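I'll drop the sequence and a predicted model, then ask my questions.
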Amino acid sequence: QVQLVESGGGLVQTGGSLRLSCTAAGSTFSIGTMGWFRQAPGKEREIVSAIRLNDGRTYYADSVKGRFTISRDNAKNTVYLQIVTLKPEDTALYYCAAAGPRIGIPLTSNQYTDWGQGTQVTVSS
């Protein structure tokens with residue numbers, strides 16, 4: 001089993017930046033891909049970005065391309081999500097998730113087996 005702990009959320013103004021971190025512990029050898037999802041009040045959880053740990057292949061949702069950058073530090077078992085030019089619509093609870101190795105990058109929440117508790121990002125207008 002994998003334990004995930006997110007950090008880095010907060011309250012920022014429109015146009016601001018944040019860097020979210022997600023550190024994994026436990027059976028980290030079983031992780032193939034780590035993803036970032038977000039869920040706003042009244043909306044479904046959606047994937048925003050993911051990274052495959054062995055080769056660094058990445059995925060970004062169209063809504064965040066050019067503003068979000070995902071990266072990983074395998075030695076620290078940590079994945080980062082750098083967010084710039086924040087918009088009010090980015091306000092959500094951001095979750096880190098881990099999926100096992102597979103061909104391709106999993107894009108749906110049911111493909112991820114381990115989840116963090118989430119970190120809140122609030123963007124004021």
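In hand now; what should we look at? None of the values given here were measured: they were computed from a predicted structure.

Nearest the geometric middle of this protein, what residue?
When Cα atoms, centre = their mean is applied to the chain, the residue found nearest the centroid is residue 36 (1.9 Å).

Need the pLDDT of that residue.
pLDDT, residue 36: 98.

Check the gap between it and residue 125 for me.
Separation of residue 36 from residue 125 (Cβ to Cβ, to the nearest Å) stands at 23 Å. All C-beta atoms are positioned from the backbone trio N, CA, C, and that covers glycine.

Equivalent analysis for residue 94, please.
19 Å.

quick one: which of these two has more around it?
Using other Cβ atoms under 10 Å, the more surrounded residue of residue 94 and residue 125 is residue 94, with 24 against 8.

quick one: contacts for the closest residue to residue 30 other than its chain neighbours?
With Cβ to Cβ, 6 or more residues apart in numbering as the criterion, residue 30 has its nearest non-adjacent residue at 5.8 Å, and that residue is residue 100. Counting by Cβ atoms under 8 Å, 6 or more residues apart in numbering, residue 100 makes contact with 30-32, 113.
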